[in-house]
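Asks: Sharing a model prediction with you, sequence too.
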Amino acid sequence: MSPTFRALRNPNYRLYLAGSVVSNTGTWMMRVAQDWLVLKPLDGGGAAVGIVTGLQFLPVLLLTPYAGVVADRISKRTLLQLTQATMGLFSLLAAVVAISGHSQLWFVYLCAFGLGVGSAFDAPARQSFVSEMVGPDDLTNAVGLNSASFNVARLAGPGLAGLMIGALGSGQQATGWVFLVNAVSYLAVIGQLRRMNPALLHSPRLLVRGPGALREGVAYIRTQPKMLYVLVLVFFTGTFGLNFQITSALMATEEFGKGAGEFGVLGSTLAVGSLTGALMAARRVRIRLRLLAGAALAFSLAEIVAGSAPTYLAFAIATPFIGFFSLTLLNSSNATMQLESDPAMRGRVMALYMTVVQGGTPIGAPIVGWIGENLGARWTLWLGGGLTMLGMVAAVALYARLNGGLRDGSPAVLTPLEGPGSLVDRVWDDQAVSRARNMTP
């Protein structure tokens, strides 16, 4: 089997990946339809799009750390079926109301928040469940293939949503039918999870119920300089740089005067670069922390260049580069966190990681929406790129203080066989770990 697809030798993972492609396509269709509904039929403007995005990610900030504890306490396969059903229910409610022509901003906000609650509990379970399906040898490849499937959906979903909305009249009823497609798509994941063979899962011992589990997870991460480096980097990127729903919507409609079809195309062009980055990540067997810093710098520069694009075509051409570098950064960050974490702690580690990656969105999205509405769409990209660059500098400075720089050949180099208890872990700089333990929150 090709090294790019080696994780597919695991039967449970094959089932999971197939269901994920269907569900993710529906999710991307709904994201485009939801933003279009707020921006045009309901005439909410950029600030309202920012509020919807913020509400959808607010539960991630509030609930995901506790969801990580839940993911370590109960079967992740069972938990994922519950979260998928919850998100499907809120999608169905949004569909029924929009198709009836009675959708209002407050109800869109409510459904976005409900989807966020489901996503908050889904994300840590889904991320850490990958290692249970494939084991450590195929983990980096599986993370890359997950991203590839996500971006195949990202490539198809926005374009399909734009075409569907345009064909059905571009009103709120049209967006409602897209919401309905998303509601049905969750059944694909639920069905595949139920078909899995539990005997083939590499499930760790479940966490015993008791106080202090979340504090234990936080304390564990504070002793890991690599994890702290990653978290600082992805916080700035996720909060200020990864607001594509808002920036693309404002650039397409306000800056270039385009409609739903052209708006949907931007999501697909962005996914072209992301898919390329995901497939390259699936082949990668080593992850250097220098790669993370380089990807963050390249991503910030790509956003600044895109914000300066003189035409819609030039902007569309720039978006694959944004997708490529953002995916390289996030995919490598995800794999680093999983490979470095103890299996018994992985649900909490990935919960805290997802909290940082997505939890900054309720902070950043309304700010970015306000900037776009008051200073212009281009400023959303210029400031997003600049603040991402600032975060990269802060992350490098922190790690250099804790561990003496991003040296290749040091513990900053990972392979699929490295992690807690490995040779690299045993020769870890004790002084750096001691300093990390004594850091103030």
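Replies: Done, it's in.
Asks: going forward, measure contacts between C-alpha atoms and count neighbours the same way
Replies: Will do.
Asks: Next up, the contacts around the residue lying closest to Thr328 once chain neighbours are set aside.
Replies: Excluding the flanking residues, the one nearest Thr328 by Cα to Cα, 6 or more residues apart in numbering is Gly277, at 5.5 Å. Neighbour list for Gly277: 323-325, 327-328 [criterion: Cα atoms under 8 Å, 6 or more residues apart in numbering].
Asks: I'd guess Gly277 is in a strand, am I close?
Replies: No - under DSSP: H, G, I helix; E, B strand; the rest coil, Gly277 sits outside any strand and is assigned helix.
Asks: Just the pLDDT at it, thanks.
Replies: Gly277 carries a pLDDT value of 84.
Asks: Offset the numbering so it begins at 747, please.
Replies: That works, and once the first residue is 747, the last one we named lands at Gly1023.
Asks: any idea how far it is from Leu804?
Replies: Taking Cα to Cα, to the nearest Å as the measure, Gly1023 falls 28 Å from Leu804.
Asks: Ok, Pro1056 next?
Replies: In terms of Cα to Cα, Pro1056 sits 34 Å off from Leu804.
Asks: swap in Pro950?
Replies: Distance check for Pro950 against Leu804: by Cα to Cα, it reads 30 Å.
Asks: Also Asn897?
Replies: Using Cα to Cα, we find Asn897 at a distance of 23 Å from Leu804.
Asks: what helices or strands is the host helix or strand of Trp1125 leaning on?
Replies: Using DSSP states H and E, Trp1125 sits within helix 1123-1149. Secondary-structure packing of helix 1123-1149 (3 or more Cα pairs under 8 Å, 6 or more residues apart in numbering; DSSP states H and E): helix 971-982, helix 990-996, helix 1035-1053, helix 1107-1120, helix 1176-1183.
Asks: now the longest one and helix 971-982, what's the angle there?
Replies: This points to helix 1035-1053. On the basis of axes from the mean of the first three to the mean of the last three Cα atoms, to 10 degrees, helix 1035-1053 is oriented at 10 degrees to helix 971-982.
Asks: by contact count, what packs against helix 1035-1053?
Replies: helix 1058-1086, helix 1123-1149.
Asks: what sits against the nearest residue to Val924 once chain neighbours are set aside?
Replies: Spatial nearest neighbour of Val924, excluding adjacent residues (Cα to Cα, 6+ apart): Met776 at 6.1 Å. Residues near Met776 by Cα under 8 Å, 6+ apart: 907, 921, 924-925, 928.
Asks: What separation is there between Met776 and Ala1062?
Replies: Distance of Met776 to Ala1062, given as Cα to Cα: 21 Å.
Asks: returning to what we had before: turn the helices and strands packed on helix 1123-1149 into a markdown table, including mean neighbour count, mean pLDDT and distance to Gly862.
Replies: As requested, the helices and strands packed on helix 1123-1149 are arranged in a markdown table below (neighbours: other Cα atoms under 10 Å; pLDDT from 0 to 100; distance: least, Cα to Cα, whole Å):
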| stretch | mean neighbour count | mean pLDDT | distance to Gly862 |
| --- | --- | --- | --- |
| helix 971-982 | 24 | 91 | 18 |
| helix 990-996 | 23 | 80 | 15 |
| helix 1035-1053 | 22 | 91 | 26 |
| helix 1107-1120 | 23 | 81 | 11 |
| helix 1176-1183 | 15 | 34 | 32 |
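Asks: right, so of the ones you listed, which gets closest to Ala1017?
Replies: helix 990-996 (11.1 Å; Cα to Cα).
Asks: phi, psi of Ser916?
Replies: Dihedral angles phi and psi of Ser916 (degrees, to the nearest 10) take the values phi 70, psi 10.
Asks: Wait, it touches Ala1006, no?
Replies: Yes - Ser916 is within contact range of Ala1006, at 7.5 Å (criterion: Cα atoms under 8 Å).
Asks: now the residue nearest to Val924: how far from Leu1021?
Replies: As judged by Cα to Cα, Met776 and Leu1021 stand 20 Å apart.
Asks: and what of Leu804?
Replies: Per Cα to Cα, Leu804 is found 27 Å from Leu1021.
Asks: do the same with Met997
Replies: For Met997, the distance to Leu1021 - Cα to Cα - is 22 Å.
Asks: Over to Ala907?
Replies: Plainly put, Ala907 is 19 Å away from Leu1021 if you go by Cα to Cα.
Asks: Against which helices or strands is the helix or strand containing Arg961 packed?
Replies: Element membership of Arg961 [criterion: DSSP H and E] is helix 959-968. Secondary-structure packing of helix 959-968 (3+ Cα pairs under 8 Å, 6+ apart): helix 791-819, helix 971-982, helix 1092-1105, helix 1176-1183.
Asks: tell me the angle of it relative to helix 1058-1086?
Replies: Counting by the same axes, to 10 degrees, helix 959-968 lies at 100 degrees to helix 1058-1086.
Asks: In helix 959-968, which residues are buried?
Replies: By neighbour count on 16 or more other Cα atoms under 10 Å, the buried set for helix 959-968 is 959-960, 963, 966-968.
Asks: Report the rounded mean pLDDT for that helix.
Replies: The average pLDDT within helix 959-968 is 84.
Asks: the inter-axis angle of it versus helix 1092-1105?
Replies: Going by the same axes, to 10 degrees, helix 959-968 makes 80 degrees with helix 1092-1105.
Asks: Mind exporting the C-alpha coordinates of helix 959-968 to PDB?
Replies: This file holds the C-alpha atoms of helix 959-968, laid out as PDB (Å, rounded to 0.1, in the frame of the first residue of the first chain):
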ATOM      1  CA  ALA A 959      -9.200  15.300  36.200                       C
ATOM      2  CA  LEU A 960      -9.200  18.600  34.300                       C
ATOM      3  CA  ARG A 961      -6.600  20.100  36.600                       C
ATOM      4  CA  GLU A 962      -4.500  17.000  36.000                       C
ATOM      5  CA  GLY A 963      -4.700  17.600  32.300                       C
ATOM      6  CA  VAL A 964      -3.600  21.200  32.500                       C
ATOM      7  CA  ALA A 965      -0.800  20.400  34.900                       C
ATOM      8  CA  TYR A 966       0.400  17.700  32.500                       C
ATOM      9  CA  ILE A 967       0.600  20.100  29.500                       C
ATOM     10  CA  ARG A 968       2.400  22.700  31.600                       C
END
